[in-house]
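In: Could you work out the structure for the sequence below:
(one chain, ligands or ions: 1)
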Amino acid sequence: MPDIHNFTSKHFTIQKLDDGIYAAIAIDGGHAVCNAGLVDMGGQLLVFDTFVSPQAAQDLKRFITDHYGQIPIMVVNSHYHNDHIWGNQVFAPEASVISSTRTYELIGTSGMEEFNWYSANSAQQLETLRRQYQDTQDENQRKQLVLIIGEYEGILQALPHLSVCLPNITFDGRLEIRGKLHTAELSSYSEAHSGSDTVLYLPHKKIVFMSDLLFVGFHPYLADGDPYMLLKALRDLSLLNATFYVPGHGPVGSLEDVKLLIKYIEACIDTAQGLVQSGQVSQEYIQQMQVPETFAGLQLPQFYRTNINFLCKHLSSPQGNL
Ligand SMILES: [Zn+2]
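Out: Numbering: from 1, shown residues only. Below you'll find the model as predicted:
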């Protein structure tokens, strides 16, 4: 059995949720950036998401092989964003990489654009971020910068040997994986956080790995999905009344965290609707907006303005619900 107390990584901590079920929670400033999951299906190991870098994924593989004496044979990619899939190469080709069909397509298109962008811009970005860190004395700002600096350091270290590894098993809508110990239910949601987002639910234990459909302690990133579809997905998933909701970013959460995120999105939609209706929408106006008191403690506050800006555009578009 895994002894999580003897395991250390600078990229993530391991939290046991139940027998054979673990959450790997990213450490601020490390090279994991997103959270991952590990499920012992009953002699067969499944990994949910693989971090932003092979070096963080390598640590997860070390934990797994040290404690189980075997390697995972299944990897699930929740969605195409680089911070969830760039560790794939550490587990493939021994492991099958599973995703929704849409996520597979997006990794090959938008995901490759992302790879090319980071290849071209990461060194420059890191230099700028380090300068910003030196130029500010604001502790809170420094804390946020540490997160992003860690991400770019991890990416730059990985890039020389990084390859975008495509899933080799795809599904549409829903897939059940039946092990001796657990059945893992994969469900994909369209246009919620990204073009397609898969959650993994273990019904007997009432544990759900939400990936980026849930952020805990962080502002969510709304700008690559449809806020109404995300609200619908969150309301559906709240009905599971799960014991643990494992987010894509932040500590392991509960139903209360899902409800708080629903409130956040509703509040952002209200704010954006007000701005659009009053004709006050301008980049300058949005850039000076403050995060409302209720959400002031969340990390990555810059996402708030990104979200409002996106929602204003979304609500003004023909498919917006204004
Ligand atoms: Zn994402």
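
In: So for the residue of the stretch 201-322 of the chain found nearest the ion, what pLDDT did the model give?
Out: Closest to the ion within the stretch 201-322 of the chain is residue 212: 3.6 Å, counting by Cβ to the ion. All C-beta atoms are positioned from the backbone trio N, CA, C, and that covers glycine. Residue 212 is assigned a pLDDT of 98 by the prediction.

In: Which of the three states applies to the closest residue in space to it that isn't next to it in sequence?
Out: Using Cβ to Cβ, 6 or more residues apart in numbering and skipping the chain neighbours, the partner closest in space to residue 212 is residue 248 (3.7 Å). Of the three states, residue 248 takes strand according to DSSP: H, G, I helix; E, B strand; the rest coil.

In: thinking again about what came up before, just checking, what packs against the helix or strand containing the residue of the stretch 201-322 of the chain closest to the ion?
Out: Here residue 212 is covered by strand 207-215, with elements defined by DSSP states H and E. With contacts taken as 3 or more Cβ pairs under 8 Å, 6 or more residues apart in numbering; DSSP states H and E, strand 207-215 sits against strand 196-202, helix 227-238, strand 244-249, helix 255-278.

In: So what's the residue count around residue 281?
Out: Neighbourhood size, residue 281 [other Cβ atoms under 10 Å]: 17.

In: Identify the residues contacting it.
Out: 275, 312, 316 (Cβ atoms under 8 Å, 6 or more residues apart in numbering).

In: Looking at it now. What's its pLDDT?
Out: pLDDT at residue 281 comes out at 77.

In: what do you get for residue 2?
Out: So, for residue 2, pLDDT stands at 60.

In: Make sure the residue nearest to residue 212 is actually in contact with residue 32.
Out: No: at 11.3 Å, residue 248 does not count as touching residue 32 under the criterion of Cβ atoms under 8 Å.

In: These two: who's more crowded?
Out: Remark: of residue 248 and residue 32, residue 32 carries more neighbours, 31 against 28, as counted by other Cβ under 10 Å.

In: Around the ion, which positions in the stretch 201-322 of the chain sit nearby?
Out: residue 212 (Cβ under 5 Å from the ion).

In: quick one, helices of the stretch 51-200 of the chain?
Out: Assigned by DSSP state H, counting those that start in this stretch, the stretch 51-200 of the chain shows helices spanning 54-68, 82-85, 88-91, 101-108, 110-135, 139-158.

In: do the fourth one and the ion meet at all?
Out: No: in this structure, helix 101-108 remains apart from the ion according to Cβ under 5 Å from the ion; the gap is never smaller than 10.9 Å.

In: From the contact counts, what lies against that helix?
Out: Helix 101-108 packs on strand 169-171, strand 183-190, strand 196-202, going by 3+ Cβ pairs under 8 Å, 6+ apart.

In: and the gap between residue 61 and residue 75?
Out: The gap separating residue 61 from residue 75 is 11 Å, by Cβ to Cβ, to the nearest Å.

In: which residues are common contacts for those two?
Out: What both residue 61 and residue 75 touch, as defined by Cβ under 8 Å, 6+ apart, is the set residue 91.

In: show me what contacts whichever residue of the stretch 51-200 of the chain sits closest to the ion?
Out: Among all residues of the stretch 51-200 of the chain, residue 81 sits closest to the ion, at 3.5 Å; criterion: Cβ to the ion. Residues near residue 81 by Cβ under 8 Å, 6+ apart: 114, 194, 212, 224.

In: What is the nearest of these to residue 143?
Out: residue 212 (21.0 Å; Cβ to Cβ).

In: Count the neighbours of the closest one for me.
Out: 27.

In: cool, residue 317 as well?
Out: The burial count for residue 317: 9, using other Cβ under 10 Å.

In: distance of it from residue 13?
Out: 41 Å.

In: Hmm, the residue of the stretch 201-322 of the chain closest to the ion is touching residue 219, no?
Out: No: look at residue 212 against residue 219 with Cβ under 8 Å: they stay out of range, at 11.9 Å.
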